[in-house]
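Visitor: here is a sequence together with a model predicted from it:
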Amino acid sequence: MQSSPAIERLVSSLKRLPGIGEKSATRLAFYLLGAPEEMVAELAESVGRLKQDTCLCERCFNLTDVSPCAICRNPERNAALLCVVEEPADLAAVEKSGSFRGHYFVLGGALSPIDGVGPDDLRVADLEARVHGGGIEEVILATNPNTEGDATAHFLADRLRKTGAGVAITRIAYGMPLGGDLEYADHVTVGRSLENRRQMD
Amino acid sequence: MTRLQTEALLLRSVEFSESDRIVHLLTPERGRLTAIAKGARRSIKRFGGSLDLFNHLRVQIDKRRGMARLEGAVLIDPFLSLRAVPGRFALASYLVELLDRVAPEAGAPSDLRRVFAFALAALRALSEADVTPGLRALLELQTLDVLGLRPELGRCVHCGRAPVGPGPVAFHVADGGVLCGACASRCDAPLLRVHLGTLRALEQGIEFGTARLSRISWSPQALAEALELVSRFQRFHMGIQLRSEPFLDQVVGSPPESGRPPA
């Protein structure tokens, strides 16, 4: 299709985004062309400011507009509890649960030797410094419950114990997801659900 | 092959598009194969937690055209204790990466079954092992052997005579084996110096089952020689640098500096 260079440039930029192919990019470009001017201007401004207004929190390494972030600055939160997650999206998921009122630490991924990701590629040293800095009573390892996430949790627990952090180290529980079906669950998940069973209130 | 039901070991799982995964599997029937697991990222029910690294699975694969498609996977064993000890995780990652890069995609059925049986036995043995540099050297050597790259440790690769001591004998990395004194003296190529005791321990390591490897004891000198020999042999004959090697070096211990020219 022959179209203006401006449209072609936008299509070419949009299709670099994950999950967007040529057709979706073209559809979005034509939608924006027909959209109200204010909406397009707002979108352009939001995209333009995304990088310049976003930074990493110096304490928890979450994405924020001001460092330290709102969670780290909040005096109502329990600074003695530190929840370690792999990525900012995991922090958002824990925060959305509304069940945790402590502080966070974003590790920056999980150990994955096959992909060349070792401890030096994660914020392991920053985590140790944070824990050794004092004031923390419990570190909750909330890395993903897959091979890499579990291995990372064990690696961190070993490191924190060996360096004499002297804090309680816990791991998020394993078990059946809400709305899950025992019949379709793998035997390890069912087994772990039984191991981690709780008294009915 | 159109439909295949088989056991498999998961060597690698890569996110693909918004909802799919590409999995690298090692199977006893077809060796190493790559398949797409449609919907694996989006649906919890479809594959559950089965598409995780090191998992031993029973899979159904459909390969009517193009890339093979993973239709189902049932978890047999996730080898959970590999995750619990950093040394086990590091060595298992290294072996799995080696298999993922080099295991055959086709070949004689008996060879493919042998590679699969070895991989399964190695992960089982590692699940209970105290991972040491000696175990690393022997498991790596066994992996090379099962992939068809066995160094000659008992007879001179040039003339067939058994090298004799006392003192260290020569190992020719490029020619893949030891040299007797006479052949070594005529050789211009760089040679490693290895004691006969080290060579015997390595030969024993190849013959032993994976579960018995930790019974072999090493002197510090023999261990250093064994690690260097296996590391150089692997690098020369495979020509690849594994991404998981730095983590393994960090957690389990590295071979002696192999950048220096051999004696």
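Guide: Noted; the coordinates are in hand.
Visitor: so where is chain A shaky, pLDDT-wise?
Guide: Within chain A, the set of residues satisfying pLDDT under 70 comprises A:1-2.
Visitor: now with 90, please.
Guide: Scanning chain A with the threshold set as pLDDT under 90 gives A:1-4, A:18-22, A:48-53, A:133-134, A:162-166, A:174-193, A:195-201.
Visitor: now the stretch 51-200 of chain B
Guide: B:63-67, B:102-111, B:129-132, B:134, B:148-149, B:154, B:160-168, B:180-182, B:184-190.
Visitor: can we see that at 70?
Guide: In the stretch 51-200 of chain B, no residues with pLDDT under 70.
Visitor: what about the strands in it?
Guide: B:56-62, B:68-77, B:169-172, B:177-179, B:192-194 (DSSP state E, counting those that start in this stretch).
Visitor: could you chop the chain up by domain?
Guide: Picking chain A for this. Domain segmentation of chain A under automatic domain parsing yields A:5-49, A:75-199.
Visitor: could you do chain B instead?
Guide: Looking at automatic domain parsing, the domains of chain B come to B:3-77, B:81-149+B:208-251.
Visitor: out of the domains of chain A, which is closest to residue B:252?
Guide: domain A:75-199 (11.3 Å; CB to CB). Using the backbone N, CA and C atoms, a C-beta is placed for each residue, glycine as well.
Visitor: so how far is that closest one off the chain centroid?
Guide: Mean C-alpha position of domain A:75-199 versus that of the full chain (CA atoms, centre = their mean, to the nearest Å) differs by 11 Å.
Visitor: quick revisit: between the strands of the stretch 51-200 of chain B, which one is nearest to chain A?
Guide: Relative to chain A, the nearest member of the strands of the stretch 51-200 of chain B by CB to the nearest CB is strand B:68-77, separated by 4.3 Å.
Visitor: give me the contact list for stretch A:74-91.
Guide: Identification of contacts with stretch A:74-91 by CB atoms under 8 Å, 6 or more residues apart in numbering or on different chains yields A:60, A:62-63, A:71, A:94, A:100-110, A:127, A:130-131, A:135-144, A:149, A:152, A:156.
Visitor: same deal with stretch A:160-178?
Guide: So stretch A:160-178 is contacted by A:127-128, A:131-132, A:136-142, A:145, A:153, A:156-157, A:182, A:185, A:189-190, A:192-193, A:196, B:44 (CB under 8 Å, 6+ apart).
Visitor: report the buried residues of that stretch.
Guide: A:160, A:165, A:167, A:169, A:171-172, A:175 (16 or more other CB atoms under 10 Å in any protein chain shown).
Visitor: before we move on, what about stretch B:198-210?
Guide: B:198-199, B:201-203, B:205, B:210.
Visitor: swap in stretch A:45-65?
Guide: Under the neighbour-count criterion of 16+ other CB under 10 Å, stretch A:45-65 has A:56-57, A:59-62, A:64 buried.
Visitor: closest one of those residues to chain B?
Guide: Nearest member of the buried residues of stretch A:45-65 to chain B, counting by CB to the nearest CB, is residue A:61, at 21.6 Å.
Visitor: how far away is that closest one from residue B:178?
Guide: Distance of residue A:61 to residue B:178, computed by CB to CB, to the nearest Å: 53 Å.
Visitor: same question for residue A:34.
Guide: In terms of CB to CB, residue A:34 sits 77 Å off from residue B:178.
Visitor: between those two, who's got more neighbours?
Guide: residue B:178 (28 against 7; other CB atoms under 10 Å in any protein chain shown).
Visitor: report the secondary structure state of residue B:13.
Guide: The three-state label for residue B:13, taken from DSSP: H, G, I helix; E, B strand; the rest coil, comes out as strand.
Visitor: so what would you say the end-to-end distance of stretch B:152-167 is?
Guide: Stretch B:152-167 has an end-to-end distance of 19 Å (CA to CA, to the nearest Å).
Visitor: for it, buried residues please.
Guide: B:152-153, B:156-158, B:163.
Visitor: from the chain's centroid, how far away is that stretch?
Guide: Worked out by CA atoms, centre = their mean, stretch B:152-167 lies 26 Å from the chain centre.
Visitor: got the residues of chain A near chain B?
Guide: A:18-19, A:111, A:113-116, A:118-119, A:145-148, A:150-151, A:154-155, A:158, A:177, A:180-181, A:184-189 (CB under 8 Å from any CB of the partner chain).
Visitor: can you pull the pLDDT of residue B:218?
Guide: Looking at residue B:218, its pLDDT reads 85.
Visitor: let me see the contact set for it.
Guide: So residue B:218 contacts B:134, B:201, B:226 (CB under 8 Å, 6+ apart).
Visitor: quick check, nearest of the residues you listed to chain A?
Guide: residue B:134 (20.1 Å).
Visitor: so how far is residue B:250 from that closest one?
Guide: In terms of CB to CB, residue B:134 sits 17 Å off from residue B:250.
Visitor: which one's more surrounded, the two?
Guide: residue B:134 (21 against 15).
Visitor: where do the strands of chain A begin and end?
Guide: Secondary structure of chain A by DSSP state E: the strands cover A:55-56, A:63-64, A:78-85, A:102-106, A:138-141, A:168-171.
Visitor: number of nearby residues for residue B:234?
Guide: 24.
Visitor: surely it is within a helix?
Guide: Yes: under three-state DSSP, residue B:234 sits within a helix.
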